[in-house]
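[1] Sharing a sequence plus its predicted fold:
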Amino acid sequence: MGKDKKTVDKTRGKHAKEEEISKKVKKNNKKYNEDKNNDKKENAKRIEKDNKSQKTKKKVKTVRKVKRVVVLLLLLTIVYSVYLVANRIKQNGGGLTGTLATILGEDTSNLENLEPIQILIMGESGVDDYKLADTIMIASYNPKTQEASIMSIPRDTYVGKKNRETATQNYLASYKINTVFRNGTNIPEAIDRINALTGLNVENYVIIDTNALIKLVDAIGGVTFNVPIDMDYEDSSQDLYIHLKAGEQEIDGKKAEQLLRFRHNDDGSTYPSSYGQQDFGRMRTQREFIIATLKQTLKPQNIFKLKQIIDIMQEDVKTNVDLASIKAYVPYAVNFNADNIKTGMVPGEAEMCNGVSLYIANSSKTKELVEELFPTDNEESENEDNTENY
């Protein structure tokens, strides 16, 4: 019995060890299989990653090739475009004139078709609905001869048809040229009266108000100008405050308004008689400032601001001029010497008529001045013939 019990216990112990070994083997096999599966998954992932990497590299290479082709095409297009533009500039005469003509889409061969242009320029000032034309002048430019002229018309110039000695006070006051202007609502009649006065056939007009003036002067970076005298005048009813010192200085838009509207100081003093007093002095200052402004506008750094200037004119200037057609004159205007502008004022005398201050134009002298400043094609041909005969 004792021996049998020991045998049984020994057999059980052996079985237990075999089971334990079996379990360990199974566990190890399971782990081995799991590790093997994990290795397979990692290998699969690695292979997939490598495949993706290769595809990406191929894609990048393809994109780079495409980019190179696109850049090359762009460069060729740019080079060809530059060639075409350069060739067009050359055909248009080269230089700044040819460059501007090309940029603006113009052809310098059209010069022969460009007629001299005459424009009535009016500068209006005032408040609310009461505005008068304080600046009235006729300007002309001939692109073929590179000649330009400005003629001022005094704002009190009488343009009525009735005899001033017998006309009523109300009629006389109503037919000063700046009154005919009537806030810019009576332009056709104003032009008709000016044409009758000068013998010209002006059709185009430009009305520049204070805001437009300020913007235009500021757009070209201001104007260097020699202010002739100290200017001190205030009128709160017109919101006008003028305070300028005599001497050469930089005139910005705000100062330009003060300069061009000045007639006399608060103490009654005005321009010296040698310069031209009151309105006459103001008109001279206006003409000289326009010349200085043209010089500044035609400087190389401002030539390419012409689009900005045209934009201002379209927004803030009243005109019947087709601004698109004006660009045809630009390539030739850049060669113009502003020092060669001929200027003048309608000759005449100031007088009191029935209690109204008027300026009476001298018709014969006005005709002579108009012929000098605005020669017709016939007159120019005659002058050329006379020159050839000498």
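    Cool, got the structure.

[2] what's in contact with stretch 255-266?
    123, 125, 134-135, 210, 213-214, 217, 223, 225, 227, 230-234, 240-244, 249, 251, 270, 278-279, 281-282, 285-286, 289 (C-beta atoms under 8 Å, 6 or more residues apart in numbering). (Glycine included, C-beta is placed from N, CA and C.)

[3] Pull out the buried members of these.
    Among the contacts of stretch 255-266, those that count as buried by neighbour count (16 or more other C-beta atoms under 10 Å) are 123, 125, 134-135, 210, 213-214, 217, 223, 225, 227, 231-233, 240, 242, 244, 251, 270, 279, 281-282, 285-286, 289.

[4] can you tell me which of those are in helices?
    With DSSP state H as the criterion, helices contain 210, 213-214, 217, 279, 281-282, 285-286, 289 from among those.

[5] Which single one of those is nearest to Thr166?
    Thr166 lies nearest to Asp279 out of these, by C-beta to C-beta, at 25.7 Å.

[6] contacting residues for Lys365?
    Per C-beta under 8 Å, 6+ apart, neighbours of Lys365: 347-348.

[7] how about the helices in the stretch 251-390 of the chain?
    Along the stretch 251-390 of the chain, counting by DSSP state H, counting those that start in this stretch, helices occupy 253-261, 278-297, 300-303, 306-316, 323-326, 330-333, 363-373, 377-389.

[8] Quick check: which of the ones you listed is nearest to Thr166?
    Across the helices of the stretch 251-390 of the chain, Thr166 has its closest neighbour in helix 363-373 (19.0 Å, C-beta to C-beta).

[9] Could I get the buried residue list for that closest one?
    Result for helix 363-373 [16+ other C-beta under 10 Å]: buried residues 366, 369-370, 373.

[10] Repeat that for stretch 291-304.
    Here stretch 291-304 shows 291-298, 302-303 as buried, counting by 16+ other C-beta under 10 Å.

[11] Dump the residues you listed to CSV, plus distance to Ile119.
    Conversion of the buried residues of stretch 291-304 to CSV gives the following (distance: C-beta to C-beta, whole Å):
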residue, distance to Ile119
Ile291, 16
Ala292, 19
Thr293, 15
Leu294, 14
Lys295, 19
Gln296, 20
Thr297, 16
Leu298, 17
Asn302, 20
Ile303, 21
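
[12] So which of the residues you listed is the closest to Lys161?
    Proximity of the buried residues of stretch 291-304 to Lys161, judged by C-beta to C-beta, is greatest for Ile291, which lies at 34.6 Å.

[13] re earlier: want to throw the ones in helices among the buried ones among the contacts of stretch 255-266 into TSV with distance to Glu315 and pLDDT?
    Formatted as TSV, these follow (distance: C-beta to C-beta, whole Å; pLDDT from 0 to 100):
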residue	distance to Glu315	pLDDT
Thr210	14	77
Leu213	13	84
Ile214	13	87
Val217	15	90
Asp279	30	82
Gly281	32	87
Arg282	27	87
Thr285	27	90
Gln286	23	86
Phe289	22	89
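
[14] Which of those lies at the shortest distance from Asp156?
    Minimum distance to Asp156 across these is 7.0 Å, recorded for Asp279 (C-beta to C-beta).
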